[in-house]
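1. Fold the following.
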Amino acid sequence: MKINNVSFKANTNISDKDGLLSSKEIKKLEKAGKKIGTAKDSIDISVRNCNLSYDMFSVSYSAQFNSITNTTNISSTIFLKKDEATPLEFLEDKLTKIQALYKKLKRQKNP
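-> As a prediction, this is how the structure comes out:
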């Protein structure tokens, strides 16, 4: 009898009220987020146009790692000029860094 291991990863939620990401880009980011952590973990991302300046957008993100012995939460809001980076480029880079942080925290010895 063959047993298949099923692995559920971080719940990834992306909010884009202003249409800065296409549905294809959102699915791509959700897929990247699901490569991080376990089903106990969550990643929330919000992308919006900046109300203060038409040429900027904001990205708010948070990650909660409950699968690590010492639960860890991170969050931040970043304002970017639209000509410096696209929301997709920024978020792909940010998810890569969140994944690296998760792996580092997972490797650390528990106190």
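
2. my read: residue 57 touches residue 77, true?
-> No - assessed by CB atoms under 8 Å, residue 57 is found out of contact with residue 77, at 11.1 Å. C-beta coordinates here come from the backbone N, C-alpha and C atoms, glycine included.

3. So the two - more neighbours on which side?
-> Remark: of residue 57 and residue 77, residue 57 carries more neighbours, 21 against 11, as counted by other CB atoms under 10 Å.

4. Need the residues that contact the longest helix seen in the chain.
-> Secondary structure assigned by DSSP state H gives helix 87-107 as the longest helix of the chain. With CB atoms under 8 Å, 6 or more residues apart in numbering as the test, helix 87-107 has contacts from 16, 20-21, 25, 28-29, 32-33, 35-37, 41, 43, 45, 47, 57, 59, 61, 63, 65, 68, 70, 72, 74, 78, 80.

5. what residues are shared contacts of residue 57 and residue 77?
-> With CB under 8 Å, 6+ apart, residue 57 and residue 77 have no common neighbours.

6. Could you pull out the helices in this protein for me?
-> Listed in chain order, the helices of the chain (DSSP H) span 23-33, 87-107.

7. if we compare those, which one ends up closest to residue 10?
-> helix 23-33 (5.7 Å; CB to CB).

8. Can you check what angle separates the closest one from helix 87-107?
-> With axes from the mean of the first three to the mean of the last three CA atoms, to 10 degrees applied, the angle from helix 23-33 to helix 87-107 works out at 10 degrees.

9. Give me the neighbour count for residue 21.
-> 20.

10. again, but for the one 5 residues further on
-> Taking other CB under 10 Å as the neighbour definition, residue 26 ends up with a count of 18.

11. wait, what's in contact with it?
-> 14, 16.

12. any idea of the pLDDT on it?
-> Looking at residue 26, its pLDDT is 94.

13. now swap in residue 8 and tell me
-> 50.

14. same thing with residue 2?
-> pLDDT, residue 2: 37.

15. With the one 10 residues further on instead?
-> Residue 12 carries a pLDDT score of 90 in this model.

16. swap in residue 67?
-> Confidence at residue 67, expressed as pLDDT, is 89.
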